[in-house]
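Visitor: Okay, structure incoming, though there's no sequence with it:
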């Protein structure tokens, strides 16, 4: 009969690299913003300032919606700030999902995450922001998928893998 006390087992758990997540969110957010501006202008033949107007209208209201879509420093600033905040939030969520994986998985899961964001943004949240629903194009799908792929890839590339001890029985 063995009366020895059970020993506790020590395992390591990988933690999220929040610094890498923030940097990945900034990079992916800039690429997304530029793709929206240039891509939407190419598709519509309109102004590159169209996308910032649509984004900033979430905060500033529909009275800023085009046409026309002239350069307006306040609109662009609000659009950049909102895009940056959302990019950071979404990339922090993505990093929490992919932090234990490798680069290629980060890119693939990130792209799928971006596609899910597109579906949520344009088919659910457009209830609250109806001006997004009629402007759905392949540019928006592409920008969202690339946002996720870049966010996931840059995160995995920059991630410094750290582990913490987790005690279990």
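Guide: Looks like it came in fine. Because the structure is predicted, anything quoted here is derived from the model rather than measured. Numbers count the residues shown, from 1 in each chain.
Visitor: so where do the strands sit in this protein?
Guide: Assigned strands in the chain, in chain order: 9-15, 162-168 (criterion: DSSP state E).
Visitor: May I see the buried residues of stretch 59-72?
Guide: By neighbour count on 16 or more other CB atoms under 10 Å, the buried set for stretch 59-72 is 60, 64, 69, 72. Using the backbone N, CA and C atoms, a C-beta is placed for each residue, glycine as well.
Visitor: pLDDT averaged over it - what is it?
Guide: Taken as a whole, stretch 59-72 carries a mean pLDDT of 90.
Visitor: Tell me which residues are up against it.
Guide: Stretch 59-72 has contacts (CB atoms under 8 Å, 6 or more residues apart in numbering) with 46-47, 49-50, 53-54, 56-57, 74-75, 78, 82, 131.
Visitor: Quick check: end-to-end length of it?
Guide: With CA to CA, to the nearest Å applied, stretch 59-72 spans 15 Å between its terminal residues.
Visitor: Sitting in helices, which of the contacts of stretch 59-72 do you find?
Guide: Using DSSP state H, the members of these that fall in helices are 50, 53, 54, 56, 57, 74, 75, 78, 82.
Visitor: What is the least confident helix or strand in this protein?
Guide: Among the helical and strand segments of the chain, the one scoring lowest on mean pLDDT, DSSP states H and E is strand 162-168, with a mean of 68.
Visitor: gap between stretch 23-43 and the chain center?
Guide: 11 Å (CA atoms, centre = their mean, to the nearest Å).
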